[in-house]
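>>> need a structure here:
(chains A, B and C)
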Amino acid sequence: MEFSYTLAVLIIPILMFLFLGLVGMKLSNKVAGVIGTTAMGIVTAIAYAIAFTYFFGDSQGQVIDGVRQQLEVVNFTWLQFTDNLIIKLGVLLDPIAAMMLIVITTVSFMVHLYSLGYMKGEKGFQRYYAFLSLFTFSMLGLVVATNIFQMYIFWELVGVSSYLLIGFYYTKPAAVAASKKAFIVTRFADLGFLIGILILSFYTQTFDFLTLTSNPSSMISTASGATFMGCSVMAWALTLIFMGGAGKSAMFPLHIWLPDAMEGPTPVSALIHAATMVVAGVYLVARLFPLYACEVGVLEIITVIGAVTALYAAMVACVQSDIKRVLAFSTISQIAFMITSLGVARPEIHEGVGYMASMFHLFTHAMFKALLFLGAGAIIHAVHSNEVKDMGGLRKYMPICHITFLIGCLAIAGIPPFSGFFSKDEILVAAYSNSPLWGIWLTVVAGMTAFYMFRVYYLIFWWNNPDYGHHTPHESPATMTIPLIFLATVSIFAGFIPFGEFVSWNRETYTIHLNWTVATTSVLVALAGIALATKLYMKENKAPAAMADKVRGLWTAAYHRFYMDELYQFITHRIIFGCVSKPIAWFDRHIIDGTMDMLATVTNSASYAIRKLQSGSIQGYVMVYFVGVILLAVITYICLI
Amino acid sequence: MESVGNIVIYFIIAIAIIVFSVLTVTSRRILRSATYLLFVLFATAGLYFQLGYEFLGAVQIAVYAGGILVLFVFAILLTSKPAAEAERLTTKKRWLGLTAAILGALVCGYALLSSSIFCGKTIDSVLNVDMQTIGHALMGTEKYQYLLPFEAVSILLLACIIGGVVVARKR
Amino acid sequence: MEITMYMYLIPSLIMFCCGVYGFITRKNMIAILISLELMLNAVDINFVVFNRFLFPGQMEGMIFTLFAIAIAAAETALAIAIIINIFRVVKNLDIRDITKMKF
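Residues are numbered from 1 along each chain as shown, chains lettered A, B, ... in the order given. Predicted coordinates for the structure are as follows:
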């Protein structure tokens, strides 16, 4: 089988994880980092070879009648419980999996390389690289999963590695709290995912993606008639599965973990919380899209959640002062774009352009958002602060970083010819073709995106010239600038990839046309956002503060993320902990434990009281025994008479 | 009516049993105790012979007197100096033991004598149980035949050999 | 004069009670074991006597005694092995010193 070497992209990272995790401490930092990076480079090369062979090779029947085939390269039975309940492990290659392989390995390789400079001298450098390898392994396993259960396993694994990496600075209480928060929130969402999987597989009798998606309408109809609370069971299952995706992809209202996750090292944010793990939810919906396409109601829910999240996150991003927070909310907003795009995709409208647009945006977003995060990392590295008020005028000190960050901003704002323009344009086309409401909504959000990205850009690189004191910011080392330059190059040119030829919902070739009306509108809106940002933030002035004062209430609310965290705090602490957990804990501690303690105490004191009987003298025992026998005989005799 | 010789032999055996039993437990020196035990065992074997169980009597002499007692003697010689001072009994303990023994004897004796219906029974006829019958009984699987217990005992003895070796082995 | 059953049972009873007395009063562990043998022997006699006087046509009592002798041999061998082992450790056979197995 030509693709069987695909397994190597899974095996090398896990071996790397074991190697660095077990013997990493014996190696010097530099050696461990170089080994990890080299291994990742090899994986990247293999992944590129796979993707290239899959898309352009013609020997193995990847394309039949113009349809790209889904190849189960490896698939072995892992657990066989009954004839129906079989859990397999394997590798599935199809357009989106191949595309994700490229995205993950590219970003991961860049982050490995970048971390050589960024993490230099950090305590636990080897551990960091081991965790990066674990994450890469899990994420690659997730995208090539052949069945939903395997996906769930790797889904949890990426959750674990994310937890480990967010809490990398485990001596910092904020990092520990953030890692716990991320883990618990995503676990809560995964509960829905698991229930969804169970419902789905209970009715369809399979976990297999191929079986599920090759004939979705028959799969849906297997559960016809079974309803719960007025909705069909399948709709429930798909909604619950989407809940898992929403948790991982930080959709409103499960987004609260992602901003806090920025406590982790910045390259980790670039890899996990911008480019790869957080798009797992998008990937999940895309993977099961044929099923979702049969349940239009669920797609509408997805659309609404995506759109609300996009607007919400964009509003919050406009007022944050921590650059990583801005990028985090920008990520939430951009992922919401992808989710919305999947939600508005309908196979019958416009050849299901939303699906393609979503995947396209996933690809370009991964590149430019990784670029932005890595750029932010370089800036933070230089000024040792996350707050924009500590920055300003950095363009003179860090030219490469400045240029690449600007490219990233232009890409995310959707200015042609940068990659974001093309993918965002496709999303807008998909949204307009579904309903003008979503089209206008997303266009507005796109304008806000341009505004807040350029706001933060100007605040970092222009605005004022603070006194940096004795340590003047300087350009980062080559290990950090090379990834920036590479990703910037990709961000410039990725838009010209004829993406529709590779990925579409039915895996047939789809030709992208620019819709000039939509494109012109969105570019104009983006330019307006940039212009506003330029006017307000290019030079230090009082206008932004004055504006904030005018809408003080809204500004404060947005700054506090519309009090979502406080709401969660209230619900969990006051309602769940206060009203449910505390009485249960009291009952457990005083009634159940009390009963057990009493039993133990009584037994203890009773045995203490009679322990003198065990004198250890055999003759004493025999004496007692013999007297007992005689007494028994006497009693029996008396009773018998 | 029994033959006089039989009665005389019975009395010799009975008196030997009683006297040597008492001596066994009262003798101060442990080696003497073992010797008196040997005499008790011989007397018991005589009892079996008198009752017509020749095989049992032979086993009693061979296993008990020949095997177990030799073990005792070896153990005694291994663990104590021959001229060691004899142990002294505390009065309290002696009274305790005496009370228990006499109490037991009284209870059992009363039970024996009060049920004189079958205790006054005499032997109808002394039939010798021949070896062939015993062999068949030990080797058969029918009713009143004992292959399974026989094999169980053989396993027990094997386990005992191994156990003895393991326990007594020098570490 | 007839030899009746209790004429056999009474010596056996006395032998048994001697065993009990010895077991309770002696201090040397081997002496205790000897007392134990006395008791076992007394029981054996009872089996045989009951067999002979009450069921002369059968031989269950005799077979039982046979097995009892075998088991007694095994038990004695093992007990002596243990006693010798204890002796190696505590250099003493006084039963009052072997009271480790208490509370």
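>>> So which residue is smack in the middle of the chain?
Looking at chain A here, since you left the chain open. residue A:278 (2.4 Å; CA atoms, centre = their mean).
>>> please go with chain B instead
Using CA atoms, centre = their mean, the most central residue of chain B is residue B:41, at 5.2 Å.
>>> can you give me the helices for the stretch 151-300 of chain A?
Applying DSSP state H, counting those that start in this stretch to the stretch 151-300 of chain A gives helices spanning A:173-204, A:209-214, A:216-222, A:233-248, A:257-260, A:266-270, A:280-287, A:289-294, A:296-317.
>>> And the next helix or strand past the helix or strand of chain B with the lowest mean pLDDT?
Least confident element among the helices and strands of chain B, by mean pLDDT, DSSP states H and E: helix B:116-119 (a mean of 66). Proceeding N to C from helix B:116-119, the next assigned helix or strand is helix B:131-139, under DSSP states H and E.
>>> which residues are in contact with the following helix or strand past that next one?
Counting by DSSP H and E, the next helix or strand C-terminal to helix B:131-139 is helix B:147-168. Helix B:147-168 is contacted from outside by B:138-141, C:67, C:70-71, C:73-75, C:77-78, C:80-82, C:84-85, using CB atoms under 8 Å, 6 or more residues apart in numbering or on different chains. (Each C-beta comes from the backbone N, C-alpha and C, glycine too.)
>>> pLDDT of helix B:147-168, averaged?
For helix B:147-168, the mean per-residue pLDDT is 87.
>>> any idea which of the helices of the stretch 151-300 of chain A is most buried?
Ranked by mean neighbour count, the helices of the stretch 151-300 of chain A are led by helix A:266-270 with a mean of 29 (mean count of other CB atoms under 10 Å in any protein chain shown).
>>> ok now that helix, how far from the chain's centre?
12 Å (CA atoms, centre = their mean, to the nearest Å).
>>> Now do that helix: which elements does it pack against?
helix A:95-118, helix A:323-344, helix A:353-383 (3 or more CB pairs under 8 Å, 6 or more residues apart in numbering or on different chains; DSSP states H and E).
>>> So how do I select the buried members of the contacts of helix B:147-168 in ChimeraX?
Applying 16 or more other CB atoms under 10 Å in any protein chain shown to these, the buried members can be selected in ChimeraX as follows:
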select /B:138 /C:67,70,71,73,74,75,77,78,80,81,84,85
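>>> if we can go back for a sec, the residue nearest to the centre of chain A and residue A:250 touch, don't they?
Yes. The pair residue A:278 / residue A:250 is scored as a contact, 5.9 Å apart, by CB atoms under 8 Å.
>>> for residue A:455, what are its contacts?
Contacts of residue A:455 (CB under 8 Å, 6+ apart): A:318, A:533, A:536-537.
>>> try it again with 10 Å
Residues in contact with residue A:455, defined by CB atoms under 10 Å, 6 or more residues apart in numbering or on different chains, are A:317-320, A:326, A:388, A:409, A:463, A:529-530, A:532-534, A:536-537, A:544.
>>> could you say which helix or strand contains it?
helix A:436-461.
>>> how many neighbours does residue A:515 have?
18 (other CB atoms under 10 Å in any protein chain shown).
>>> Pick out the residue in chain A sitting closest to chain C.
With CB to the nearest CB as the measure, residue A:616 is the residue of chain A nearest to chain C, at 3.0 Å.
>>> measure that residue to chain B for me?
For residue A:616, the distance to chain B equals 16 Å [CB to the nearest CB, to the nearest Å].
>>> helix/strand/coil for that residue?
Secondary structure for residue A:616, judged by DSSP: H, G, I helix; E, B strand; the rest coil, is coil.
>>> Poorly predicted segments of chain B, please.
B:1-2, B:81-90, B:116-120, B:124-127, B:170-171 (pLDDT under 70).
>>> Quick one: name the residues of it near chain A.
Residues of chain B that fall close to chain A, judged by CB under 10 Å from any CB of the partner chain: B:93, B:96-97, B:99-101, B:103-104, B:106-108, B:110-111, B:114.
>>> quick one: average pLDDT of the helix holding residue A:455?
pLDDT averaged over helix A:436-461 gives 88.
>>> on that earlier part again, any idea which of the helices of the stretch 151-300 of chain A scores lowest on pLDDT?
helix A:216-222 (a mean of 75).
>>> Show me what it is packed against.
helix A:173-204, helix A:209-214, helix A:233-248, helix A:289-294 (3 or more CB pairs under 10 Å, 6 or more residues apart in numbering or on different chains; DSSP states H and E).
>>> Dump the last one to CSV, restricted to CA.
To tie it back to what came earlier, the one meant is helix A:289-294. Presented in CSV, the C-alpha positions along helix A:289-294 are these (Å, rounded to 0.1, in the frame of the first residue of the first chain):
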residue,chain,number,x,y,z
PHE,A,289,-20.8,17.3,7.4
PRO,A,290,-22.8,14.9,5.2
LEU,A,291,-24.8,13.9,8.3
TYR,A,292,-25.2,17.5,9.4
ALA,A,293,-26.4,18.4,5.9
CYS,A,294,-29.3,16.0,6.4
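>>> Which helix runs longest in chain C?
Among the elements of chain C assigned as helix by DSSP state H, the one spanning the most residues is helix C:60-90.
>>> What helices and strands are in contact with that helix?
Looks like helix C:60-90 contacts helix B:54-59, helix B:69-79, helix B:131-139, helix B:147-168, helix C:29-54 (3+ CB pairs under 10 Å, 6+ apart).
>>> Same list (those helices) but as TSV, adding distance to residue A:158.
Listed next are the helices and strands packed on helix C:60-90 as TSV, based on distance: least, CB to CB, whole Å:
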stretch	distance to residue A:158
helix B:54-59	79
helix B:69-79	72
helix B:131-139	73
helix B:147-168	56
helix C:29-54	69
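>>> follow-up on the earlier one: can I assume the residue nearest to the centre of chain A is in contact with residue A:107?
No. Judged on CB atoms under 10 Å, residue A:278 makes no contact with residue A:107 at a distance of 11.9 Å.
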